[in-house]
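Colleague: Just a sequence and a predicted model for now, questions to come.
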Amino acid sequence: MEVEVTEITDWAVDLVNVHKTYGRKIHALRGVNIQVKSGEIFGLLGPNGAGKTTLVKIMMTIVRPDRAIGTILGRPIGHRRKLARIGFLPERHRFPSYLTGLQVLDYYAALACVPRRVRRARAPQLLDRMGIGQWGGTRVSKYSKGMMQRLGLAQALMNEPDLLILDEPTDGLDPIGRRDVRHLLLELKQRGKTIFLNSHLLSELEMVCDRVAILVGGYVARQGTLSELTESTVEYRITAGGDVNDLAADIRSLGGRIENGAILVPGHDVAKVNRIIDLLRQNGRLIELVQPQRFSLEEVLMEVVGGAAGRTVPIARRVEKS
């Protein structure tokens, strides 16, 4: 394993050129660049097998990279004191079934060097915050899947972390539970915490994330704010009275296309939209609706995954600190 350290920065996560190969043929990560700003909620998404969980495990020193350059919380990956300032919820976590909820929190907080007095005060508060306060004295073998997920989130918060790394944090939760987690994450952000999310629920990421990265085939294909990622997928939908198919050739020449009776104009060019509107009016068509549309994060992911099929995805350009 080769781990290099870049200059100390104020990025919460600053990873460059991360590589990981399992055996000789399985290239999980092929030069990943990830930068997470302090105090933001950052989402990592991609299809199954893209390398998301491998990257999370490298950040937590569970998996050793072949090569990695960078820092977490301003220090090299694996820095002991900084690891104690990270809260971690792994995917499909398991706790000893003979422990009670309060004992789980006390045990894992002790591993993070949280003082006993603080542990005893904080554990019941977090169980109450997660909606399972009445179950603190019950062995976790009696917990449902949703309760285990809530307990896992409470465990990740026991050390009052500066950085919270959550792998599928809403797995097993019902809609009310997912809403509660969203509110919790936004509350933590207001308190200055940095949150790194790995989730398959793209609608959840859209509601809370400041920026996201799309990981495909071990590469970061895209990285940025939601508006930056969807910038190239904006289009205008024009609905006009009457049939417009007789104008199809003129509409195409102006950069539009007809789909299900409406005219779609890709991009941000308002002048192009106005030229098509002028064409419709000159031909006696009444304009009923002009509506800008932005693709969802799911549609952007599908576009990236489809575009990456059968070809190499370039490494995302490293972002500059503003």
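Modeller: Arrived safely. Bear in mind that the values here come from a model prediction, so they are computed numbers and not experimental data. Residues are numbered from 1 along each chain as shown.

Colleague: Tell me which stretches of the stretch 101-250 of the chain form strands.
Modeller: Under the criterion DSSP state E, counting those that start in this stretch, the stretch 101-250 of the chain contains strands at 163-167, 194-198, 211-216, 219-225, 234-240.

Colleague: And the contacts of the second one?
Modeller: The set of residues that contact strand 194-198 without belonging to it, under Cβ atoms under 8 Å, 6 or more residues apart in numbering, is 12-13, 36-45, 52-53, 56, 59, 91, 162-169, 185, 188-189, 205, 208-209. Backbone N, C-alpha and C define where each C-beta goes, glycine included.

Colleague: what residue is smack in the middle of the chain?
Modeller: The centroid of the chain falls nearest to residue 43 when counting by Cα atoms, centre = their mean (1.6 Å).

Colleague: right, and the secondary structure at it would be what?
Modeller: Look at residue 43: counting by DSSP: H, G, I helix; E, B strand; the rest coil, its state is strand.

Colleague: Name the residues of stretch 180-187 that are buried.
Modeller: Of the residues in stretch 180-187, 180, 181, 182, 184, 185 count as buried by neighbour count, 16 or more other Cβ atoms under 10 Å.

Colleague: low-scoring stretches of the stretch 151-300 of the chain, by residue?
Modeller: 231-233, 296 (pLDDT under 70).

Colleague: switch to 90 and redo it
Modeller: Low-confidence segments of the stretch 151-300 of the chain, defined by pLDDT under 90: 168, 170-172, 198-207, 214-219, 221-236, 241-242, 260, 266-270, 291-300.

Colleague: May I have the residues that are in contact with the residue lying closest to residue 174 once chain neighbours are set aside?
Modeller: Once flanking residues are discounted, residue 174 sits nearest to residue 146: 6.4 Å by Cβ to Cβ, 6 or more residues apart in numbering. By Cβ under 8 Å, 6+ apart, the residues touching residue 146 are 172, 173, 174, 177.

Colleague: do residue 52 as well
Modeller: Counted by Cβ under 8 Å, 6+ apart, residue 52 has contacts 44, 45, 46, 167, 198, 215.

Colleague: Pick out whichever of those residues sits closest to residue 273.
Modeller: residue 45 (31.1 Å; Cβ to Cβ).

Colleague: Thought residue 213 was touching the closest one, still the case?
Modeller: Yes. Applying Cβ atoms under 8 Å as the test, residue 45 and residue 213 come out as touching, 7.5 Å apart.

Colleague: Thank you, goodbye.
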